[in-house]
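*Asks:* Give me a 3D structure for the following:
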Amino acid sequence: MARLPRLSGREAVRVFESMGWRKVRQSSSHIILVREGHQATLSVPDHKEVAVGTLRSLIRSAGLTVEEFADAAG
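*Replies:* Residues are numbered from 1 along each chain as shown. Below you'll find the predicted structure:
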C-alpha cells in the first residue's frame, strides 16, 4: 500500500487539478473542486498540512485509490 504524501491544501488541489478536477471557488478556509461527469464535489481545506484522514476521504470521494493519488503527487 502506498503511503500518503504530506501535502498542504494547495498542493493537494494541484494534484486533483492534474487529474481533471477544476477549482470553482475558494473561501478563506476551503477550496471547492468539481469534475465534469462526477457527482461529488471536493472541499479541500486550505491548511498548511491536510490531515491524513481528510486526504483519504477526499481521495475516496474523487473515486481514486491512494496509489493513483500518490503516483500523481510524484
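*Asks:* all contacts plus neighbour counts: C-alpha atoms, from now on.
*Replies:* Will do.
*Asks:* can you map out the strands along the protein?
*Replies:* 22-26, 30-34, 42-45 (DSSP state E).
*Asks:* my guess is Arg6 meets Val50, correct?
*Replies:* Yes - because the distance of 7.3 Å satisfies CA atoms under 8 Å, Arg6 is recorded as touching Val50.
*Asks:* Which one's more surrounded, these two?
*Replies:* Val50 (20 against 14; other CA atoms under 10 Å).
*Asks:* For that one, give me its contacts.
*Replies:* Applying CA atoms under 8 Å, 6 or more residues apart in numbering to Val50 gives the contacts Arg6, Leu7, Ser8, Gly9.
*Asks:* Any idea how many residues pack against the third one?
*Replies:* For Ser8, the tally of surrounding residues (other CA under 10 Å) stands at 17.
*Asks:* repeat for the last one
*Replies:* Applying other CA under 10 Å, we find 21 other residues in the vicinity of Gly9.
*Asks:* nearest spatial neighbour of it, skipping sequence neighbours?
*Replies:* Asp46 (4.5 Å; CA to CA, 6 or more residues apart in numbering).
*Asks:* Now do that neighbour: how many residues are near it, please.
*Replies:* The tally of other residues near Asp46 (other CA under 10 Å) stands at 19.
*Asks:* any idea how far it is from Ser18?
*Replies:* Distance, Asp46 to Ser18, using CA to CA, to the nearest Å: 18 Å.
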